[in-house]
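Colleague: A predicted structure for the sequence below; I have some questions about it.
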Amino acid sequence: MQSVLFLCRGNSCRSQMAEGWLRHLASDRFRPSSAGSAPRPLHPLAVQVMQEAGVDISHHQPKSVVSLLGGFYPVVINVCDRTEIGCPIFPGVCHREEWKIPDPASRSGTEEEQLAVFRSTRDAIRACVEKLIAHYEPRLGAH
């Protein structure tokens, strides 16, 4: 099984969604984890929109990237967008990707407007996770 670590600043939305999607779509082939440089509580709208898609992340707990130092993560994906300060960097990585997904929690508006942003983020992350799975599929099948 391939270990994959998703990183973002707060570990409250994007990285949790990515972990949830990978676990939901390919838990038999990947061991996903997520963490942040400044963990915050799991965002309720992230939980809600993932639940709408049939993925339960309500049991996820935000973690500090510091708590994972010493672990081996050959694939590390930073989901922060380019403008964010404090996005973590994880040492000793074999493969790193930057998905540059804007933080849906930073958007304001009505509840419906915020839900629309979270749904769009959820769907963008799913598409990225599906590409990740497809990229590693031939390699995992060869073993």
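Modeller: That came in fine, so what should we check first?
Colleague: could I get the full set of strands for this protein?
Modeller: Taking DSSP state E, the strands of the chain run over residues 2-8, 30-36, 75-78, 95-98.
Colleague: got CSV for the ones you listed, with distance to residue 44 and mean pLDDT too?
Modeller: Where you see a C-beta, it was placed from the backbone N, CA and C, and this is true even at glycine. Shown next, in CSV, are the strands of the chain (distance: least, Cβ to Cβ, whole Å; pLDDT from 0 to 100):
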stretch, distance to residue 44, mean pLDDT
strand 2-8, 17, 92
strand 30-36, 17, 94
strand 75-78, 24, 91
strand 95-98, 27, 86
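Colleague: so which of these comes closest to residue 69?
Modeller: Closest of the strands of the chain to residue 69 is strand 30-36, at 9.7 Å (criterion: Cβ to Cβ).
Colleague: shouldn't residue 107 be in contact with residue 116?
Modeller: No. Because the distance of 9.3 Å does not satisfy Cβ atoms under 8 Å, residue 107 is recorded as not touching residue 116.
Colleague: lowest-confidence helix or strand of this structure?
Modeller: One helix or strand of the chain scores below all others by mean pLDDT, DSSP states H and E: strand 95-98, with a mean of 86.
Colleague: which strands or helices does it pack on?
Modeller: The elements that strand 95-98 packs onto, with contact taken as 3 or more Cβ pairs under 8 Å, 6 or more residues apart in numbering; DSSP states H and E, are strand 75-78.
Colleague: this completes my enquiry, with thanks.
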